[in-house]
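Chemist: Quick check, what structure comes out for this input:
(2 chains, ligands or ions: 1)
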Amino acid sequence: MKIIVSHAKTLVIAAMVAGTTTGLATAQDSLTRADYERPTDIPFPEENSYSEAKAELGKMLFFDPRLSRENNLTCASCHNPSFAWEDAQPTSVGTPMSRLGRHTPTVLNLAWGELYFWDGRAESLEEQALGPIQAGGEMAQDLDELLVELRNVPGYVQFFENVFPGEGVTADNIGKAIATYERTLVSAEAPFDRWVKGDDNAISEAAKRGFEVFNTKARCASCHEGWNFTDWGFHDIGLGDADEGRYEVLEFDALKHAFKTPGLRNIVERAPYMHDGSLKTLEEVVDHYDSGFVKRPSLSSEMQELGLTASEKSDLVAFLQSLSSDDPAVSLPKLPN
Amino acid sequence: MSSKYLHAALGLGLMTAFASPVLAQDAVRISQKGKQFSEKQLSLTSGQSVVFVNDDSVAHNVYTIVKGKKQDLGLQKPSEEGSIAFDSAGTYRVRCAIHPKMKMVIKVE
Ligand SMILES: [Cu+2]
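Modeler: Numbers count the residues shown, from 1 in each chain, chains lettered A, B, ... in the order given. Take a look at the predicted model:
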């Protein structure tokens, strides 16, 4: 994906216009297909614009164990590119080898996000990045100590000075560099995208039927919408655990047990599923939506028993599988000394 | 009958030239459709209220903070509506609690 500095607003408008014109010109099914067209550029905020050097610095920090107290964990220990930037565990292990309460989400396609963490408690990626560095259960690093540590690495001092002239190594700048790198992490074109563009042989007939079910009978698209398959919103989908999610941040009854809708790109590689990692396979996920959810007052009104047939269920899974892209391998950065 | 309906009724009977000052006192309708508000920004005079109508196929939950207190319209299912009165001057950020990308700013003078 080509990186162009632009603002979310312009992008959304461009995407919508593209969707409408194709939709008007062709049949109903391509109208829904067009609603899933990939954007052409990544939005970066005005306050933290893109530069190649900044993204490069952010990548170093993302892969640098010196960001953790014991110098043994990196962001990528949990957000591992080999598992679509997750860790293939129900809930992850941090410092000192303690289990965290929630499953590691992917860091793919977050440039388009609104609020971060499962419960939306961070307003920006810049703010988010400083969270895990200090979190007791994660990297457990004292921020002031980290600044001292990094300022003692001449290579870092030079990199920071380059990217942030006159400011150097500060907590804000660590957040800005990591956030910039994260925004460049975009899932590549999947078979589904080639089908959206008009290649009718790019996905199986089962996946095509699954796409139809996803948008109609199963109502998945009322929450998983657009090219990244998320409304970036918060919903209670009736998982049984006690975690109150978004309600702990914003006390509205509708937000009890509500968690952020994850995007569905590269979802096969991201097992196990949900904020508590409680569902092991996509088949289990589909069964959950069909009838396996807990009914309680906060359950989203978009959640209804679906009565899917066995073939509709396997079609849905085939569709979800078509969202995986063959992303290029990620090389480890050389770290400064 | 609340005063806003009286104004509306009067407005219908008057000539167009008189209609706009009357409407200025009226409630403004904001639609929620496609997980967006129909306006991103709105200017009001104090005392006006805004009726938020859910024209979408999914539920919404509009809220704002007025003088440090949450004004919560609660869960609005499709085609339901609810209103918030803006009695004092200020800038208010209105958002959907379920879909945080849905937001608008209301300036009250
Ligand atoms: Cu909403």
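Chemist: When you work out contacts or count neighbours from here on, use the C-alpha atoms and nothing else.
Modeler: Fine.
Chemist: Show me what from the stretch 151-300 of chain A comes close to chain B.
Modeler: With the criterion set to Cα under 8 Å from any Cα of the partner chain, the stretch 151-300 of chain A comes near chain B through A:222, A:231-235, A:252, A:254-255.
Chemist: Format the residues you listed as JSON lines; extra columns: secondary structure and neighbour count.
Modeler: JSON lines is the format used below for those (DSSP: H, G, I helix; E, B strand; the rest coil; neighbours: other Cα atoms under 10 Å in any protein chain shown):
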{"residue": "A:222", "secondary structure": "helix", "neighbour count": "18"}
{"residue": "A:231", "secondary structure": "coil", "neighbour count": "23"}
{"residue": "A:232", "secondary structure": "coil", "neighbour count": "26"}
{"residue": "A:233", "secondary structure": "coil", "neighbour count": "24"}
{"residue": "A:234", "secondary structure": "strand", "neighbour count": "27"}
{"residue": "A:235", "secondary structure": "strand", "neighbour count": "26"}
{"residue": "A:252", "secondary structure": "coil", "neighbour count": "19"}
{"residue": "A:254", "secondary structure": "helix", "neighbour count": "24"}
{"residue": "A:255", "secondary structure": "helix", "neighbour count": "26"}
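Chemist: Dump those into JSON lines; add distance to residue A:48 and pLDDT as well.
Modeler: Output for these, formatted as JSON lines (distance: Cα to Cα, whole Å; pLDDT from 0 to 100):
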{"residue": "A:222", "distance to residue A:48": "32", "pLDDT": "95"}
{"residue": "A:231", "distance to residue A:48": "24", "pLDDT": "97"}
{"residue": "A:232", "distance to residue A:48": "21", "pLDDT": "98"}
{"residue": "A:233", "distance to residue A:48": "24", "pLDDT": "98"}
{"residue": "A:234", "distance to residue A:48": "26", "pLDDT": "98"}
{"residue": "A:235", "distance to residue A:48": "30", "pLDDT": "98"}
{"residue": "A:252", "distance to residue A:48": "32", "pLDDT": "93"}
{"residue": "A:254", "distance to residue A:48": "33", "pLDDT": "93"}
{"residue": "A:255", "distance to residue A:48": "31", "pLDDT": "96"}
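Chemist: List the contacts of the closest residue to chain A within chain B.
Modeler: For chain B and chain A, the shortest gap (Cα to the nearest Cα) falls at residue B:99, measuring 4.3 Å. Each residue near residue B:99 by Cα atoms under 8 Å, 6 or more residues apart in numbering or on different chains is listed here: A:231-234, B:35, B:60.
Chemist: do residue A:280 as well
Modeler: Contacts of residue A:280 were listed using Cα under 8 Å, 6+ apart, and they are A:271-273.
Chemist: residue contacts, the residue of chain A found nearest the ion?
Modeler: Going by Cα to the ion, the ion is nearest to residue A:233 of chain A, at 7.8 Å. For residue A:233, the contacting residues are A:223, A:259-261, B:98-101, by Cα under 8 Å, 6+ apart.
Chemist: right, and the pair among these with maximum separation?
Modeler: The largest separation in those, counting by Cα to Cα, is between A:259 and B:101 at 14.9 Å.
Chemist: For the two, work out which one has more neighbours and name it.
Modeler: For residue A:259 versus residue B:101, neighbours defined as other Cα atoms under 10 Å in any protein chain shown are more numerous around residue A:259 (25 against 18).
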